[in-house]
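*Asks:* Fold the following.
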Amino acid sequence: MKGKLEVKRKRVTIRDVAKSAGVSHQTVSRVINGRDDVSPETRDLVKKTIKSLGYLPNASARSLAAGRTNTLACIAPNLVDFTFAALIEGAELMARQHGYFLMAASAPDARDFRKVLNQLYESSRIDGVLVINPFIDERTVYLPKDFPTVFIGDVSKNEEIGWVALDDVKAGYMAAKHLLDLGHRDILCITGLQNEACTKDRNQGIFQAFAEYGVPLDSEKIINGDWAATSAYQAVESALKNNMKFTAVLAENDRMAIGAMRAFRDAGFSVPDQYSVIGIDDMPLASYFDPPLTTIQQNVTEIGKEAAEMLIQKIAQPELKGQSSRFSVQLIQRKSTAPIAGNGGD
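*Replies:* Alright, predicted model coming up:
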């Protein structure tokens, strides 16, 4: 016995709605797009007809008619870093609230940035772009002129481009101040990548705190990391092997703080009984580490939301000058820091 023949239901079109309602298809289009040049009676009739027929307006066609794609792009150096991922998540949440779709792409260097942006911009696939860490290289020179753009993580030098950033100076200052308040004076500072503005700002905050306390900061105790846990692990391992005198570690992000704590554990030392460790970020698992990590909290998701909302406003009102917003931070004190108990390791 042959199988039953499946009859596909015909897709309802805008002309079907117009015919059923007894109006022109142009009138139906005006109702769908919220135009005010339709009488209330006709508007109600068309809406009821759309509902009864189950008509679904073509979102792509509506966007093209308005000269927009309702799509944003967010380009980051990579898509695996916790901070970048959280920023993108926040931006995507805000974009959806406003009826936009967010495309995320990675561009580790300026050449890739140019390639990705050209693909998106020249094909008119996006209405605006969010750029995370815009000044890590020369990528900003490839931004199209007069195209809606918002920077995340750094201050724009162009008044047409908005920006949203963390108060990184305060983050570095609060982390250093916390350790100094606990009596630590010999502090190993593990920085982020030197070509990133947030590293320079966090360094500035650290220097400021040391200066206020009248404590000299030994240049040998400032070690360049790369945000990865491995770089901090190696830095602490080397410092211990070389018998460097220090009682605490200030890592400029949580991943490096975790690397530092692991190095102490592998070397047979206790945190915070023998060494204190503080990070910056307050990543989701920070409170579950052993010991729970003392850190400086930044609300990364909210920063992403703010940036997306700023970009959407710029798209709606191109004449607006670039807006700016700097997010504050707070100390989250847990169990990885303690008052100084003597020389580190003693």
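*Asks:* Please count neighbours and contacts with C-alpha atoms only from this point.
*Replies:* Fine.
*Asks:* Next secondary structure element downstream of the lowest-mean-pLDDT helix or strand in the chain?
*Replies:* Every helix and strand in the chain was compared by mean pLDDT, DSSP states H and E; the lowest is helix 59-65, with a mean of 53. Using DSSP states H and E, the helix or strand that directly follows helix 59-65 along the chain is strand 71-76.
*Asks:* The next helix-or-strand element following that following strand: which residues count as buried?
*Replies:* Using DSSP H and E, the next helix or strand after strand 71-76 towards the C-terminus is helix 82-97. Neighbour counts over helix 82-97 (16 or more other C-alpha atoms under 10 Å) mark 82-95 as buried.
*Asks:* Which residues does helix 82-97 contact?
*Replies:* Helix 82-97 is contacted from outside by 72, 74, 76, 78-79, 101-102, 104, 132, 281, 283, 300-309, 312, using C-alpha atoms under 8 Å, 6 or more residues apart in numbering.
*Asks:* centroid residue for the protein?
*Replies:* Leu87 (2.1 Å; C-alpha atoms, centre = their mean).
*Asks:* Let me see the residues that make contact with the helix or strand harbouring Leu179.
*Replies:* Assigned by DSSP H and E, Leu179 falls within helix 168-181. Outside helix 168-181, the residues that touch it by C-alpha under 8 Å, 6+ apart are 185, 198-199, 201-210, 213, 248, 250, 252, 278-280, 295-296, 328-331, 337.
*Asks:* Pull out the buried members of these.
*Replies:* Among the contacts of helix 168-181, those buried by neighbour count (16+ other C-alpha under 10 Å) are 185, 198-199, 201-210, 248, 250, 252, 278-280, 295-296, 329-331, 337.
*Asks:* Please list the members of those residues that lie in helices.
*Replies:* Here DSSP state H is the test, and the buried ones among the contacts of helix 168-181 give Cys198, Thr199, Asp201, Arg202, Asn203, Gln204, Gly205, Ile206, Phe207, Gln208, Ala209, Phe210 as lying in helices.
*Asks:* Where do the strands of the stretch 101-250 of the chain begin and end?
*Replies:* Shown for the stretch 101-250 of the chain, the strands assigned by DSSP state E, counting those that start in this stretch span residues 101-106, 128-132, 149-152, 162-166, 187-191, 222-224, 248-251.
*Asks:* The fifth one to helix 168-181, inter-axis angle?
*Replies:* Angle of strand 187-191 versus helix 168-181, following axes from the mean of the first three to the mean of the last three C-alpha atoms, to 10 degrees, is 160 degrees.
*Asks:* Could you do the longest one as well?
*Replies:* Using the same axes, to 10 degrees, one finds that strand 101-106 and helix 168-181 are set 60 degrees apart in direction.
*Asks:* avg pLDDT for strand 101-106?
*Replies:* Averaging pLDDT along strand 101-106 yields 96.
*Asks:* And stretch 144-159, by the same measure?
*Replies:* 92.
*Asks:* quick one on the thing from earlier: check which residues of the helix holding Leu179 are buried.
*Replies:* Neighbour counts using 16+ other C-alpha under 10 Å place 168-180 of helix 168-181 among the buried residues.
*Asks:* Also stretch 215-233?
*Replies:* If you call a residue buried by 16+ other C-alpha under 10 Å, then stretch 215-233 has these buried ones: 217, 221-233.
*Asks:* So which of these sit within helices?
*Replies:* The members of the buried residues of stretch 215-233 that map onto helices under DSSP H are Ala229, Thr230, Ser231, Ala232, Tyr233.
*Asks:* show me the contacts for the second one.
*Replies:* This means Thr230. Met256, Gly259.
*Asks:* ok, for Thr27, nearest residue in space, not its chain neighbours?
*Replies:* In this structure, Thr27 finds its nearest non-sequential neighbour in Val38, 7.3 Å apart by C-alpha to C-alpha, 6 or more residues apart in numbering.
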